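[1] just to be clear, the model below is a prediction. Sequence and coordinates:
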Amino acid sequence: MALRAHADLEAVASATPLEVRPASEDQFLERLRRGEAAAFEQLVAEHSSDVYALLFRLTSDSEESRDLTQETFLRAYQNIDRFRGDASLKTWIYRIAINQARNRWRWWKRRKRDVTVSLDATDEQREQPLVTTLPNNDDLNPEQEALAREREGQLRDALLGLRRSYREAVILRDVEGFSYEEIATTLQISIGTVKSRISRGRMELRHALEGSL
């Protein structure tokens, strides 16, 4: 479905475990730190689609997502020497991407404009994205397809009311499949805060969608 298309950080309340990287990743990092163009091209090739998909779910704007994706990799290139290795390279890049999205949100907010956001909502009890409960449009007749579009619109409207911090946590957990530890590292918050944001985000979504889906 369309939803599957492709920083005010809080202090870390508790330490998260270090991720063990294979020797090949360490060697790749050394190439990046030496400024090898081929290594940076490989980094972009391996992660750009995932970063774009993450940013699209956060912004629901393809042009904005492309711009933010480019900015993310530019910042990664400029700051690779600061990468301490306390997380995977993907987690570090996601952290940069989320920070870029936050910066853009603040830019729009200063100009009193609302940013449209989109993500895959999740039902807490089943641990399954709400969007997966909607029918596949490819298998629907015209009447069913119209109903599916209406339901998807209701889902988007409900998500617009979800605060940004909840959206980030839910996306990383239920769309990207990150562990609680990885989310804590990416957002630089405690695991307890991660679980709380996911739980509250899902609860708000259920209340907003009650009786409509």
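    Arrived safely, thanks for sending.
[2] where are the low-confidence patches of this protein?
    Confidence mapping of the chain against pLDDT under 70 gives the ranges 1-23, 107-141, 152-153, 155-157, 159-160, 211-213.
[3] residue boundaries of the helices in it?
    For the chain, applying DSSP state H gives helices covering 23-33, 37-59, 62-79, 89-110, 142-160, 164-170, 180-187, 191-209.
[4] can I get those in a markdown table including mean neighbour count?
    Every C-beta, even on glycine, is put in place using the N, C-alpha and C of the backbone. Converted to a markdown table, those look like this (neighbours: other CB atoms under 10 Å):
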| stretch | mean neighbour count |
| --- | --- |
| helix 23-33 | 13 |
| helix 37-59 | 18 |
| helix 62-79 | 16 |
| helix 89-110 | 18 |
| helix 142-160 | 15 |
| helix 164-170 | 22 |
| helix 180-187 | 23 |
| helix 191-209 | 18 |
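[5] return the residues in contact with residue 194.
    Applying CB atoms under 8 Å, 6 or more residues apart in numbering to residue 194 gives the contacts 169, 173, 180, 183, 184, 187.
[6] from residue 38, how far out is residue 89?
    Going from residue 89 to residue 38 by CB to CB, to the nearest Å gives 16 Å.
[7] I misspoke; the intended subject was residue 203.
    Here residue 203 is placed at a distance of 47 Å from residue 38 (CB to CB).
[8] repeat that for residue 208.
    Using CB to CB, one obtains 48 Å as the distance from residue 208 to residue 38.
[9] likewise residue 198?
    On the measure of CB to CB, residue 198 and residue 38 end up 39 Å apart.
[10] output stretch 88-102 as CSV, nothing but the C-alphas.
    The C-alpha trace of stretch 88-102 is given here as CSV (Å, rounded to 0.1, in the frame of the first residue of the first chain):
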residue,chain,number,x,y,z
SER,A,88,25.6,-0.3,14.1
LEU,A,89,26.3,1.9,11.1
LYS,A,90,22.6,1.6,10.1
THR,A,91,21.4,2.7,13.5
TRP,A,92,23.8,5.7,13.4
ILE,A,93,22.6,6.7,9.9
TYR,A,94,19.0,6.4,11.1
ARG,A,95,19.7,8.7,14.0
ILE,A,96,21.1,11.3,11.6
ALA,A,97,18.0,10.9,9.3
ILE,A,98,15.6,11.4,12.2
ASN,A,99,17.5,14.4,13.4
GLN,A,100,17.3,15.9,9.9
ALA,A,101,13.5,15.3,9.9
ARG,A,102,13.2,17.0,13.3
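[11] now what about that stretch, what contacts it?
    Identification of contacts with stretch 88-102 by CB under 8 Å, 6+ apart yields 7-9, 19, 21, 25, 28-29, 43, 47, 50-51, 54-55, 58-59, 68-69, 71-73, 75-76, 79, 83, 87, 164, 168, 172, 176, 178, 182, 185-188.
[12] ok, now stretch 29-49?
    Residues from elsewhere that reach stretch 29-49 (CB under 8 Å, 6+ apart): 6, 28, 69, 73, 76-77, 80-81, 83, 85, 89-90, 93.
[13] neighbours around residue 60, how many?
    If you count neighbours by other CB atoms under 10 Å, residue 60 ends up with 20.
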